[in-house]
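**Student:** Provided below for reference: sequence and predicted model.
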Amino acid sequence: MKTKYWNIYQANEKQQQEAIMEASLLLQQGETVAFPTETVYGLGADATNEQAVRKIFQAKGRPQDNPLIVHVAAVSQIEKLVRNWPSYVDKLLEAYTPGPLTFVLPSNGTCTTSVTAGLDTIGVRIPSHPVARQLLSTCHLPIAAPSANISGRPSPTSAKHVWEDLYGKIAGVVDGGATGVGVESTVIDCTQDIPVILRPGGITAEQIEKIAGAVMVDPGLTTENGKPKSPGMKYRHYAPEVPLWIVSGSKGDIQATVHRLQTEGKRVGVMGKDSTILHLHANAAIKLGNTMEQVAANLYDALRTFKLGEVDIILCEAFSEHGMGQAVMNRLSKAATRMISLQ
């Protein structure tokens, strides 16, 4: 398959409109198109077309029991896909959408069973990225869109990442530049009286609690048993090419671990906040930024940057799980081969 490429962020208005129309037409014809959202790049297909949705699973090599999130342009489209929702959803919709928040609600059966993985619920969200919003408004379809990468690999935060993983496997890639948030949307189960976080992401637990009054965390976040209610709950995700160790300890503890591994003949890469990396000496190093928002935005690109043949192991400092740190540590724990506590 030949994969079409549209460069949106460096195009003039006429070229952008033409690209969006072409990409929309492919989606309407049952093809798969990758596009940017404010979180990561998504691989989109018509959520009401079973054959189109199957192409997502084929391109990614994704397990069939892993549900997909449906992206729409407006609340009115959500209403057409679900049966009902509690009153706190209206408040959260007003406060945080468009944006990186996915609502799991009772499905009315409009979308295919491959989207819901046979569950009676469906995850829906309204992205805020202008390219995503243009595409969704133009194609007039609910678009199922998991991350546009080979399943298990770090999620793509640029069109280059998508091209590396899926060239020749999908119909097109809309290049809208680098994404913003850098980790996937927060997923909340809204089928009960209190919202339950199924996957931490771009909207924090504290932000949800501020609007909804209360929020709980699903115990499935820390186990891999049973059928996942949300993407990111069950399977190993986000894994780089080489083993990743998460180290909880001081800068001195991390440096001592680097030294020990190097004496064993291993080439060691390190990643962490700028203030940590400044004090570490390794074979390769990547600074993730000074704030947790910057760490989240740079995380997946860093995991993709360390290549097999250049380093033998990656060490990343452990972060506080407050605020955005909860989403970052969730992704790192899914990607890691080992967690080390030296405190």
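**Tutor:** Received it, and whenever you're ready, just let me know what you need.
**Student:** Does anything pack onto the lengthiest helix in the chain? Which helices or strands?
**Tutor:** Secondary structure of the chain read by DSSP state H shows that its longest helix is helix 13-28. Helix 13-28 sits against strand 4-7, strand 33-36, strand 41-46, helix 130-139, strand 172-175, with contacts defined as 3 or more CB pairs under 8 Å, 6 or more residues apart in numbering; DSSP states H and E. Backbone N, C-alpha and C define where each C-beta goes, glycine included.
**Student:** Swap in 6 Å and give it another go.
**Tutor:** strand 33-36, helix 130-139, strand 172-175 (3 or more CB pairs under 6 Å, 6 or more residues apart in numbering; DSSP states H and E).
**Student:** Please point out which parts of stretch 270-285 sit buried.
**Tutor:** 270, 271, 272, 273, 276, 277, 280, 282, 283, 285 (16 or more other CB atoms under 10 Å).
**Student:** what about residue 24, neighbour count?
**Tutor:** 20 (other CB atoms under 10 Å).
**Student:** Pull the contacting residues for the residue lying closest to it once chain neighbours are set aside.
**Tutor:** Excluding its sequence neighbours, the residue lying closest to residue 24 (CB to CB, 6 or more residues apart in numbering) is residue 139, at 3.8 Å. Listed by CB atoms under 6 Å, 6 or more residues apart in numbering, the contact set of residue 139 reads 24, 27, 28.
**Student:** Dump those to JSON lines, plus distance to residue 248 and pLDDT.
**Tutor:** As requested, those are arranged in JSON lines below (distance: CB to CB, whole Å; pLDDT from 0 to 100):
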{"residue": "24", "distance to residue 248": "47", "pLDDT": "98"}
{"residue": "27", "distance to residue 248": "44", "pLDDT": "98"}
{"residue": "28", "distance to residue 248": "49", "pLDDT": "98"}
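**Student:** Name the nearest of those relative to residue 189.
**Tutor:** Of all those, residue 189 sits closest to residue 27, with 27.9 Å by CB to CB.
**Student:** how close does the closest residue to that closest one other than its chain neighbours sit to residue 203?
**Tutor:** Spatially, and ignoring its direct neighbours in sequence, residue 27 is nearest to residue 139 (4.8 Å; CB to CB, 6+ apart). Look at residue 139 and residue 203: by CB to CB, to the nearest Å, they are 26 Å apart.
**Student:** same check, this time on residue 279
**Tutor:** Applying CB to CB to residue 279 and residue 203 gives a distance of 33 Å.
**Student:** swap in residue 80?
**Tutor:** Taking CB to CB, one finds residue 80 at 24 Å from residue 203.
**Student:** got it, and residue 68?
**Tutor:** Counting by CB to CB, the gap from residue 68 to residue 203 is 19 Å.
**Student:** Which pLDDT does the model give the residue nearest to residue 24?
**Tutor:** With respect to pLDDT, residue 139 scores 98.
**Student:** Helix, strand or coil: sort out residue 246 for me.
**Tutor:** strand (DSSP: H, G, I helix; E, B strand; the rest coil).
**Student:** hang on, residue 304 in a helix?
**Tutor:** Yes. Assignment of residue 304 by three-state DSSP places it within a helix.
**Student:** May I ask you to confirm that it is in contact with residue 154?
**Tutor:** Yes. Counting by CB atoms under 6 Å, residue 304 does reach residue 154; the two are 5.1 Å apart.
**Student:** The two: which is more packed in?
**Tutor:** residue 154 (25 against 22).
**Student:** tell me the contacts of that one?
**Tutor:** Contacts of residue 154 (CB under 6 Å, 6+ apart): 238, 300, 303, 304.
**Student:** and if we set it to 8 Å?
**Tutor:** 161, 238, 239, 240, 299, 300, 301, 303, 304, 335 (CB atoms under 8 Å, 6 or more residues apart in numbering).
**Student:** Which members of the residues you listed are positioned in helices?
**Tutor:** Short answer: these in helices (DSSP H) are 161, 299, 300, 301, 303, 304, 335.
**Student:** Of those, select the buried ones using a PyMOL command.
**Tutor:** Of those, the buried ones go into a single PyMOL selection, burial set by 16+ other CB under 10 Å:
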select buried, resi 161+299+300+301+303+304+335
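**Student:** Spatially, which two of the ones in helices among the contacts of residue 154 are the most separated?
**Tutor:** Among these, 161 and 335 lie farthest apart (CB to CB), at 14.8 Å.
**Student:** middle-most residue in this structure, spatially?
**Tutor:** To find the centre residue of the chain, average its C-alpha atoms and take the closest one (CA atoms, centre = their mean): that gives residue 184, at 2.9 Å.
**Student:** Next, that residue: phi, psi?
**Tutor:** Note on residue 184: its backbone torsions stand at phi -60, psi 170 [degrees, to the nearest 10].
**Student:** measure it to residue 338 for me?
**Tutor:** Taking CB to CB, one finds residue 184 at 23 Å from residue 338.
**Student:** Likewise for residue 251?
**Tutor:** When residue 251 is compared with residue 338 (using CB to CB), they lie 19 Å apart.
**Student:** same deal with residue 162?
**Tutor:** Per CB to CB, residue 162 is found 29 Å from residue 338.
**Student:** out of those two, which sits in the more crowded spot?
**Tutor:** residue 162 (28 against 11).
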